[in-house]
Each structure stands twice: as structure tokens, then as C-alpha cells.
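1. below are the sequence and a predicted model for it; my questions follow.
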Amino acid sequence: MIPPRPQSTPRRPKPERTVARSRAVAAAVAPLDSLDAVGRTVVACERCPRLRAWCLKIAEERKRAFRDQVYWGKPVPAYGDPHARLLIIGLAPAAHGGNRTGRIFTGDSSGNWLYGALHKFGFSNQPDSTGRDDGLKLTDTYVTAAGHCAPPANKPTREELDACQPYLEAEIRLLPTVRVVVALGRVGWERWLRAAGWWDRLAVRERPPFGHGVETRMADGTLLITSYHPSRQNTHTGRLTRPMWEAIFRRAKTVLDAESRRSAFRSRA
């Protein structure tokens, strides 16, 4: 007689994985009714398996220069002043930049270019951004990206960008004081137009063109300024120089200062 097969005990998931999964599920169904809520949902996002696997792989392997550091390894939330009038949109976190530090445009050469310019024109309290505890504060500025996970070869797929677009849509809705948008690179340009609704609203020939320093005044009064992205491919080849880069933020500062003067004049009248 064959003895009955003993029943196997079901494996219990590791507690930390269970907690992480529960948080991700809770974040996925949470309403995006505040910038903090958007940030929490972004950090817990699991929409793109390819990107999540890549970010975790990079966080585990690490770069030799950062071997002693604990990488963030999660989607990177936006950062800045909730009352910002300047909105900056990049592509996505860098594998050893935002994916390491946990802050957008932080810990890589692109961040050095960005925060250096923001500091020069009064939008940041310091020219460097090295980590989440470095004391950086942005004034009148909010920095986000088309994608919130570091992509292999810096190239997210269209489907991955589509998955991230609701977060940008929510940020645009929750930043009603924005008057100037600086879109970095073609992806930042296109994704802002899509998330803000202009892509579908405008005929192809009516859409704002992309080019470094090109300005378009949208129908609602928002000024869109497009710029080359401060990636190494652009800065190391001379396609984007410091004077070209700083001119973008000098222009943004000039426009916002002029709006402040007009507002002050109207309030006194």
C-alpha cells in the first residue's frame, strides 16, 4: 500500500516583501490629491517591471566609486517648491545619480549643471545637490521628469513613459501657480505637451516647436521654453555650453520678475 503523500506547507512570503507589496498596492489606489501623495505613489510604483528590475540590479551591483553607499533603487519622486512658478521637466533619473541618491537630478553631472544654474539665478539656496540630506531648498521652482525610474541606456520605452504620465498630469494640476515651463530635451518637451493636454488639443502644425531656447506662449499664458538636456552627450560635445544653458534660466528669471512687478503694480492700483 502506497502511503499518502505528506501535504506540503505553503511558503510564507518574506515579511519585508509583503510589506513592500502592501504599500505599493495602497499607493496605487490612493488619490493623487496632493504633491506629497503623488510623491508617495511614485516611490511605491511597480508599473514597469523592466525598469524596476534594472534599478534594483544597479542598486545591488553599484558603481565602484559608490561601492560603500546604499543605493535608493526605487522610483525617484519630484522635488521643489509647491508654490512654484517655474516647472522644469527632464527625462528620467540616472542609474548612478537619482537612482543612487533618491532625489531628482542629484548626484550626477546633469544635476551639477541644473542646480548650479538655479543657484546662480536665485531659484536654489546652493549650487550643489549631492543627496537627500544636503540641505538643498528650491524657491519658486519644481523639478520633475517624464519618467521616474532610471532606464537602461537612458531610453525608456513609449509604454513606460505612458505609465508615468498620470504622475506628471497630477503635478501639473497641483501646481496652479506655474507660469514658465522649461522642458529639457525632446522627451521632456513632448511629455509636458501631452500631460498638459496640448498635444491632443493642437493640430500637428500648431504644436510648439522644439529647439534650444525656443519660446512659445501657450493660450493659457504659460511660457514654454525648450532646451537641450544637460546630459554628457550634449555638454561634453559642446552642443550645450554653459552660456547657452544659463541663458535659459536667465530668461525664466526675467519673465517671472516682470510678472511679479506687474502683479505688484496691479495690487497698488
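-> Okay, I see it.
2. in stretch 100-115, what counts as buried?
-> 100-108, 110-115 (16 or more other CB atoms under 10 Å). (Each C-beta comes from the backbone N, C-alpha and C, glycine too.)
3. tell me the two of those that are most distant?
-> Greatest spatial distance among those (CB to CB): Gly102 and Trp113, at 19.6 Å.
4. below-threshold pLDDT in the chain: ranges please.
-> Along the chain, segments meeting pLDDT under 70 span 1-30, 269.
5. go with 50
-> 1-3, 5-27 (pLDDT under 50).
6. do a quick rundown of the helices in it.
-> 15-29, 35-43, 49-61, 98-101, 109-120, 158-174, 185-195, 198-201, 232-235, 242-268 (DSSP state H).
7. give me the angle between the last one and helix 109-120.
-> Read that as helix 242-268. 40 degrees (axes from the mean of the first three to the mean of the last three CA atoms, to 10 degrees).
8. mind giving me the packing neighbours of helix 242-268?
-> Under the contact criterion of 3 or more CB pairs under 8 Å, 6 or more residues apart in numbering; DSSP states H and E, helix 242-268 touches helix 109-120, strand 180-184, strand 223-227.
9. adding distance to Cys164, write the ones you listed out as a markdown table.
-> Putting those into a markdown table (distance: least, CB to CB, whole Å) gives the following:
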| stretch | distance to Cys164 |
| --- | --- |
| helix 109-120 | 18 |
| strand 180-184 | 15 |
| strand 223-227 | 20 |
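10. so which of those gets nearest Ser260?
-> Closest of those to Ser260 is strand 180-184, at 12.1 Å (criterion: CB to CB).
11. starting at the chain centroid, how far to that closest one?
-> Mean-position distance between strand 180-184 and its chain equals 12 Å (CA atoms, centre = their mean, to the nearest Å).
12. that strand pairs with which strands?
-> Note on strand 180-184: by DSSP bridges, its sheet partners are strand 86-90 (parallel), strand 223-227 (parallel).
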